[in-house]
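Visitor: Here is my input; please provide its structure:
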Amino acid sequence: MEQTLTQYARLRDRGVEVGLTIGPWTHTSMLTGGLGTVCRESLTWLDTHLGGLDRPPRLDRVRICLTGQGWRDLPDWPPASTAHTWYLHPASRLTGTAPAGDATTNPASFRYDPADPTPTIGGRLLSPDGGYRDDGRLYRRHDVLSFTGDPLTDDLDVCGNPVLELAHSSDNPHVDLFVRISEVDAKGRSVNVSDGYRRLRDHSGPCGSSWTRSRTGSRRAPACAC
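Guide: Here you go, the predicted model:
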């Protein structure tokens, strides 16, 4: 996904006529669930650039499928949006209010056991197990920190590039940092929305990580695992 978005931005900035389609598919399901869309747009491109046919350009450069809302046309990516900032608090809370005082005085911590590695559940996997999955089992592990916000009172569309700013330390200089945003429904079921992964070497201190997939939800539950 990141490579596709980078290619789109570079072609757009060069003044090239470019289009971007983001569908609700994984790598392995694209040619089944997305077969009609992929074939239609591919054939249109071939007709225009190889067949010499006069096809009208897209009315909008970007077409995305917003989960729960259907297809939406946008003039560009990332779309114009309003930034929201959420803060990690003690007791696994996630709120829109910055914590008072020095947040480093009472840090959240966990112990990672290589003999019981943190599993991968859903997400960007090149396998049938990828995509959206119930990841509640992940949040119940001792080596995962999770932070959950209050239920949203209004619908929230999340589009663009979520970014995490995280100050952390480790007694091992080689750290794999994994961060995920999940949606928790009214029944308490947690489903992954977006995630990012960063391998750090000889590093301790501020760390930023970003990822791009997103969907509308009722509650957010970011989780951190090293």
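Visitor: Please determine how far residue 193 is located from residue 146.
Guide: Distance of residue 193 to residue 146, given as CB to CB, to the nearest Å: 14 Å. (Glycine included, C-beta is placed from N, CA and C.)
Visitor: which of those two has more neighbours?
Guide: residue 193 (25 against 21; other CB atoms under 10 Å).
Visitor: Which residue is the nearest non-sequential neighbour of the more buried one?
Guide: Leaving aside its sequence neighbours, residue 193 sits nearest to residue 181 (CB to CB, 6 or more residues apart in numbering; 4.7 Å).
Visitor: so which strand or helix has that neighbour?
Guide: Using DSSP states H and E, residue 181 sits within strand 174-184.
Visitor: got it, and residue 39?
Guide: Secondary structure from DSSP H and E places residue 39 in helix 35-49.
Visitor: May I see the buried residues of that helix?
Guide: Residues 37, 44 are the ones in helix 35-49 that count as buried (16 or more other CB atoms under 10 Å).
Visitor: all helices for this protein, in order.
Guide: 2-13, 30-33, 35-49, 136-139 (DSSP state H).
Visitor: Nearest to residue 78, out of those helices?
Guide: Closest approach to residue 78 among the helices of the chain (CB to CB): helix 2-13, 8.5 Å.
Visitor: Run through who's touching the closest one.
Guide: 18, 20, 61, 76-77, 212 (CB atoms under 8 Å, 6 or more residues apart in numbering).
Visitor: Can I get the buried ones among the residues you listed as something I can paste into ChimeraX?
Guide: Burial among the contacts of helix 2-13 is assessed by 16+ other CB under 10 Å; the matching ChimeraX selection reads:
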select :18,20,61,77,212
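Visitor: Need the contacts of helix 2-13 in a markdown table (columns: distance to residue 132 and pLDDT).
Guide: As requested, the contacts of helix 2-13 are arranged in a markdown table below (distance: CB to CB, whole Å; pLDDT from 0 to 100):
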| residue | distance to residue 132 | pLDDT |
| --- | --- | --- |
| 18 | 28 | 90 |
| 20 | 21 | 93 |
| 61 | 26 | 91 |
| 76 | 26 | 94 |
| 77 | 21 | 91 |
| 212 | 15 | 32 |
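Visitor: Looking at the contacts of helix 2-13, which one is closest to residue 130?
Guide: residue 212 (15.5 Å).
Visitor: Now do the residue nearest the centre of the chain, the pLDDT please.
Guide: What sits nearest the mean C-alpha location of the chain, by CA atoms, centre = their mean, is residue 194, with 2.5 Å. Here, the pLDDT recorded for residue 194 equals 86.
Visitor: Looks like it contacts residue 183 (just checking).
Guide: No. With contact defined as CB atoms under 8 Å, residue 194 does not reach residue 183; the gap is 9.9 Å.
Visitor: List the contacts of the residue of the chain positioned farthest from its centre.
Guide: The C-alpha centroid of the chain is most remote from residue 52, which lies 38.3 Å away (CA atoms, centre = their mean). Counting by CB under 8 Å, 6+ apart, residue 52 touches no other residue.
Visitor: Tell me where this structure has strands.
Guide: Here the chain has its strands, by DSSP state E, at 20-22, 62-66, 70-74, 87-89, 93-95, 145-146, 163-168, 174-184, 190-201, 205-210, 223-225.
Visitor: For the longest one, which residues meet the burial criterion?
Guide: The neighbour-count criterion (16+ other CB under 10 Å) identifies 190-196, 198, 200 as the buried residues of strand 190-201.
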